[in-house]
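# Generate a structure from the sequence data that follows.
(2 chains)
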Amino acid sequence: MDGKEVVINITHLSKVFIRDRRRIIALDDFGLEVREGEFVCLLGPSGCGKTTVLRIVAGLEAKSGGSAKVEGKEVRDAGPDRGMVFQEFALFPWRTVRKNIEFGLEVKHVPETDRADVSKKLIEFVGLKGFEDAHPRELSGGMKQRVAIARALANDPKVLLMDEPFGSLDAQTRNLMQKELLRIWSARRKTVLFVTHSVEEAVYLADRIVVMTARPGKVREIIDVPLSRPRDRTSREFITIRSKVLGELEEEFEKARAGELSPE
Amino acid sequence: MRSLTKSLSKVFISNWLRLTLSAVSLTVFLTLWWLFSAYLRADWPFQGVTPSPSTADYIPYWWDVLRAVGRSFVTRPQNTGGLLMSEHILASLKRISIAFVLALLSAVPLGLLMGRSRNAEALGRPLVELFRPIPPLAWVPIFLVIFKFFWGPIAIVFLGIFFPILLNVILGARSVDPVLIDAARTLGARRGTIFGKVVFPFTTPYLMTGITVGLGIGWMCIVAAEMLGAVGGGVGYYIFAANNTSQYELMYAGMVVIGMLSVLTTGIAGLIERWLYRWMGKK
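Presented below is the predicted three-dimensional model:
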């Protein structure tokens, strides 16, 4: 991994927002470096600000302090160099699979024939052949998320930001999609920043797992996952790492719950 | 196979059931109408009662009304402008169409803007709230003076159509799922593109609701709009003139025609809506 260029560089990142006239510190001095081609999972109790980190890197939310750079440039606005996949799929319901995937290219005024070329390849690549002209409502959750991933890939972004993309899928589909994502990731060599609250998902997918603290969110620990892929969820090494991550996380869960219960 | 035929016959039966129910409600209405007319005239089955001829003038038998509808397409009665019903219909359709196009062109951009921008909303809201509750009919005298006889009636119908479209488009633009806008932004879309490719398509079903409601109100307005004078006739004018000359069968005939025209335009709007939904994949 060393020697590879740092693609995402986050330093001293903070985010403060006001809710019901109270200042809430969502992120405090969060720092992280993600190198080219790396798969990094952000893991933490709910409300720890892991999604906020992702949205700041995506340019969908403004930071309060610190710095978030992608390829050396400070993030100011959303842009097609950072593809994003949402838990809610966020497909345009009035567009067909093909037209959803071509959205970013349409915005860039890519000629129609070139658009069709790209979408055709992507549809095959993510395994949606035969569903080109289907509308999102006709698709299952897993298929919807395949479309969303293909749509993000159509812009050929350097970075793929994923916000609990498999959180609303059933366990079977979820496992399948994790496998599929690794296939896509290794074929396209994207840099992936992936938010999840599932320990198993993180251990299955990530090169490194960033365990975040309860609010205010910062890095508690970064755990390497030195297992080769495909990973066996039942192997001893897998379970060892999983228990380690779980141990770290459980303390934070306790803190988060204590925070919720205390009157402040 | 067995269950398929079973479910098919189920669909078939329930369709027939609904048709029958609709027919029943229509029959009940026509029967009551007939009984009331007969009662006023002391016709069968009310031979014993005292007739009230002055009221009976206002309530003709419904088959006489239907006959009058038919007749109005082929004869030119003097007191209703000397025009055929088809010419009145054309005149009214022209007014509704002009008013509808103008309302669409103004209400859609305004609604999108007010639904998406807080400042535009702050600018527009007071005026909308001030003018929306005023019945379009209240403007009749003023509009005829300001806009004269060609544009006056159109302006009244315009008001009837404008507000339902505006309010529905505002509602639609406001309810765009924020995650769709986020997605569009991460795909490289800027404000203008987001308006055209996300906000507008999302708003279309709301727009169609506004159009359906607006057209209904537009037809309600047309009688009043054409009452005080309408160049080249109009169904509303026809109703008004027939009433003034005590030709009540003709008056009802005009009312029936307006009802049918309204059903027709809402039907067309419904077809466009269904087509749009299929096109946008919402079924």
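# ranges for the strands of the stretch 1-150 of chain A?
Taking DSSP state E, counting those that start in this stretch, the strands of the stretch 1-150 of chain A run over residues A:6-19, A:22-35, A:39-43, A:65-70, A:73-74, A:82-85.
# From residue B:40, how far off is the nearest residue to residue B:38 once chain neighbours are set aside?
Excluding its sequence neighbours, the residue lying closest to residue B:38 (Cβ to Cβ, 6 or more residues apart in numbering or on different chains) is residue B:46, at 5.6 Å. From N, CA and C alone the C-beta is placed, and that goes for glycine too. As judged by Cβ to Cβ, to the nearest Å, residue B:46 and residue B:40 stand 9 Å apart.
# who has more neighbours, these two?
Neighbour comparison, residue B:46 and residue B:40: the larger count goes to residue B:40, with 20 against 15 (by other Cβ atoms under 10 Å in any protein chain shown).
# Run through the chain and note the low-pLDDT ranges.
Going with chain A. Low-confidence segments of chain A, defined by pLDDT under 70: A:1-3, A:260-264.
# hmm, I had chain B in mind actually
Low-confidence segments of chain B, defined by pLDDT under 70: B:1-4, B:6, B:228-230, B:280-283.
# Would you map out the domains in it?
B:2-50, B:78-280 (automatic domain parsing).
# what's the neighbour count on the closest residue to residue A:84 other than its chain neighbours?
Once flanking residues are discounted, residue A:84 sits nearest to residue B:186: 4.1 Å by Cβ to Cβ, 6+ apart. Residues near residue B:186, counting by other Cβ under 10 Å, number 28.
# Tell me the spacing between residue B:216 and residue B:101.
Computed as Cβ to Cβ, the residue B:216 to residue B:101 distance reads 17 Å.
# Helices along chain B, start to end?
Residue ranges of the helices in chain B, as given by DSSP state H, are B:2-41, B:53-56, B:62-72, B:85-116, B:118-131, B:140-174, B:178-186, B:191-194, B:200-227, B:235-244, B:248-280.
# Relative to residue A:42, which of those is closest?
Comparison of the helices of chain B against residue A:42 by Cβ to Cβ identifies helix B:178-186 as nearest, at 17.3 Å.
# neighbouring contacts of the closest one?
A:58-60, A:77-80, A:82-84, A:86, A:88, A:90-92, A:103, A:107, A:151-152, A:161, B:193-194, B:197-199, B:202 (Cβ atoms under 8 Å, 6 or more residues apart in numbering or on different chains).
# do the same with stretch A:17-31
A:10-16, A:49, A:52-53, A:64, A:66, A:212, A:215-219.
# again, 7 Å this time
Residues from elsewhere that reach stretch A:17-31 (Cβ atoms under 7 Å, 6 or more residues apart in numbering or on different chains): A:10-16, A:49, A:52-53, A:215-219.
# circling back: dump the helices of chain B to CSV, plus distance to residue A:234.
What follows is the helices of chain B, written out as CSV (distance: least, Cβ to Cβ, whole Å):
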stretch, distance to residue A:234
helix B:2-41, 43
helix B:53-56, 90
helix B:62-72, 80
helix B:85-116, 51
helix B:118-131, 54
helix B:140-174, 50
helix B:178-186, 36
helix B:191-194, 46
helix B:200-227, 45
helix B:235-244, 78
helix B:248-280, 46
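# of all those, which lies closest to residue A:233?
helix B:178-186 (30.6 Å).
# The nearest residue to residue B:150 once chain neighbours are set aside: neighbouring residues, count only.
Spatial nearest neighbour of residue B:150, excluding adjacent residues (Cβ to Cβ, 6+ apart): residue B:231 at 5.6 Å. Residue B:231 has 14 neighbours, counted by other Cβ under 10 Å.
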